[in-house]
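*Asks:* Pasting a predicted model and its sequence here:
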Amino acid sequence: MQSGTRAPKWVLAYEPATRRRPEALMGWTSADDTLNEVRLHFHTKEDAVAFASKNGLEFTVIEPHGTTEKPKSYADNFRYDRIRA
């Protein structure tokens, strides 16, 4: 399995301070604050926690869910009784 591009990263995302609302002229969704557009990526959880603590930000750590891949062989792709999509 090759999953180098999906290496786990930690993201610091701000919670929106105000609600989004439709803009009157064009109907686009807009918000007053731009912090909810900012996402900071960190390589480790400790780096993200240290950054938030250093800058006085309240934070909640949400652990990632584990993957549930079932090992199978290449020959299973060509089985006669396999379920087709």
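*Replies:* Yes, it's here.
*Asks:* Tell me which residue lies nearest the centroid of the chain.
*Replies:* Compute the mean C-alpha point of the chain, and by Cα atoms, centre = their mean the closest residue is V11, 6.9 Å away.
*Asks:* tell me which residues form a beta bridge with that residue?
*Replies:* Beta-bridge partners recorded for V11 (DSSP bridges): H41.
*Asks:* which residues sit against the worst-scoring helix or strand of the chain on mean pLDDT?
*Replies:* Ranked by mean pLDDT, DSSP states H and E, the helix or strand of the chain with the weakest confidence is strand 29-30, at a mean of 84. By Cβ atoms under 8 Å, 6 or more residues apart in numbering, the surrounding residues in contact with strand 29-30 are R20, R21, P22, E23. Glycine gets a C-beta too; all of them are placed from N, C-alpha and C.
*Asks:* how about low-confidence regions in this protein?
*Replies:* The chain contains residues with pLDDT under 70 at 1-8, 85.
*Asks:* hey, where'd the helices end up in it?
*Replies:* Remark: helices assigned in the chain by DSSP state H are 45-54.
*Asks:* And the contacts of stretch 31-45?
*Replies:* Here stretch 31-45 has contacts from 9-21, 48, 51, 61, using Cβ under 8 Å, 6+ apart.
*Asks:* next one: stretch 20-28
*Replies:* The contact list for stretch 20-28 (Cβ under 8 Å, 6+ apart) reads T29, S30, A31.
*Asks:* And T67, how far from W10?
*Replies:* According to Cβ to Cβ, to the nearest Å, T67 stands 17 Å off from W10.
*Asks:* Scan the contacts of stretch 20-28 and report the most crowded one.
*Replies:* Neighbour counts for the contacts of stretch 20-28, by other Cβ atoms under 10 Å, peak at A31, which reaches 15 neighbours.
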